[in-house]
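Colleague: from the sequence below, what's the structure:
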Amino acid sequence: MIIVEECRRQLGPGVQFYCERLHVPEGVHMALWGPSGCGKSTLLNLISGLLRADSGKVQVDGIDISGLSEGQLDAFRGERVGFVFQTFNLLAPFTAMQNVMLSMRFSDTIPAAEWKPRAESLLERVGLGHRLHSKPKTMSVGEQQRVAIARALANKHKLIVADEPTGSLDPKTATAVMDLLLELCRESNVTLLLVTHAREIADRLPALYDCTGLVQEVAP
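Modeller: From the prediction side, this is the model:
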């Protein structure tokens, strides 16, 4: 599913990201773990196409994304990658239902006739059937993250990437959100990459990649 080899990205003067090798089979749930600043979010962004490698191989679902144009990268993300962010990134003027439906509008994977019933079904699945028409500002942080999870799953992506998805949540809510995310990813048989600095979160996933040392100081 994911192949990263000899991947480099210049992060600033004298600072470089380098990943020698990472292979993730389809359907695996893996934590990208390490302290702040070690390169785990950079690795996630390179795999999801939010960043472009300066050199090396980044292959996802059989596609070498390092050679794609900007337009092709946009299409790749829309068709193959679902995102869950620490800060949710929901659109404030829109309801929970509309936020999930909008993600389907920007992809060709779900027919338009299915947008509304699929959004409703997903929100019910994450326990928000009573919040379909609520806007983000009226929802708790835990509810907002549940909307974000429903949105990430809306387009039946093969890959879900989650960058510190519990970082803004209290411990009890974080546990509930992790339970839900892992359960839904298992049900959908998708590959999950989850960035976290918390070892107790990382240990909940069956596979772990230690990102310590991916960011290096290099000679000018």
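Colleague: if I look at Asp210, how far off is Ile3?
Modeller: Separation of Asp210 from Ile3 (C-beta to C-beta, to the nearest Å): 18 Å. (Each C-beta comes from the backbone N, C-alpha and C, glycine too.)
Colleague: so for the two, which residue has more residues nearby?
Modeller: Higher neighbour count among Asp210 and Ile3: Ile3, with 16 against 13, using other C-beta atoms under 10 Å.
Colleague: which residue is nearest the middle of the chain?
Modeller: Computing the C-alpha centroid of the chain and ranking residues by C-alpha atoms, centre = their mean puts Val161 first, at 2.0 Å.
Colleague: ok, that one to Thr95 distance?
Modeller: Here Val161 is placed at a distance of 25 Å from Thr95 (C-beta to C-beta).
Colleague: just Glu164 next, same as before
Modeller: Applying C-beta to C-beta to Glu164 and Thr95 gives a distance of 25 Å.
Colleague: then Ser188?
Modeller: Distance from Ser188 to Thr95, by C-beta to C-beta: 24 Å.
Colleague: more neighbours, these two?
Modeller: Between Ser188 and Thr95, Thr95 has the larger neighbour count (other C-beta under 10 Å), namely 21 against 15.
Colleague: quick one: which helix or strand includes the residue nearest to the more buried one when sequence neighbours are not counted?
Modeller: For Thr95, ignoring the flanking residues on the chain, the nearest one in space by C-beta to C-beta, 6 or more residues apart in numbering is His133 at 4.8 Å. Per DSSP states H and E: His133 is located in neither a helix nor a strand.
Colleague: beta-bridge partners for Leu193, please?
Modeller: Met30, Val161 (DSSP bridges).
Colleague: all helices of the chain, in order?
Modeller: 40-48, 70-80, 96-105, 115-125, 141-153, 171-188, 199-202 (DSSP state H).
Colleague: rebuild those as JSON lines, extending it with mean pLDDT and distance to Leu90.
Modeller: Shown next, in JSON lines, are the helices of the chain (pLDDT from 0 to 100; distance: least, C-beta to C-beta, whole Å):
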{"stretch": "helix 40-48", "mean pLDDT": "96", "distance to Leu90": "19"}
{"stretch": "helix 70-80", "mean pLDDT": "90", "distance to Leu90": "18"}
{"stretch": "helix 96-105", "mean pLDDT": "94", "distance to Leu90": "5"}
{"stretch": "helix 115-125", "mean pLDDT": "95", "distance to Leu90": "12"}
{"stretch": "helix 141-153", "mean pLDDT": "94", "distance to Leu90": "6"}
{"stretch": "helix 171-188", "mean pLDDT": "92", "distance to Leu90": "14"}
{"stretch": "helix 199-202", "mean pLDDT": "94", "distance to Leu90": "22"}
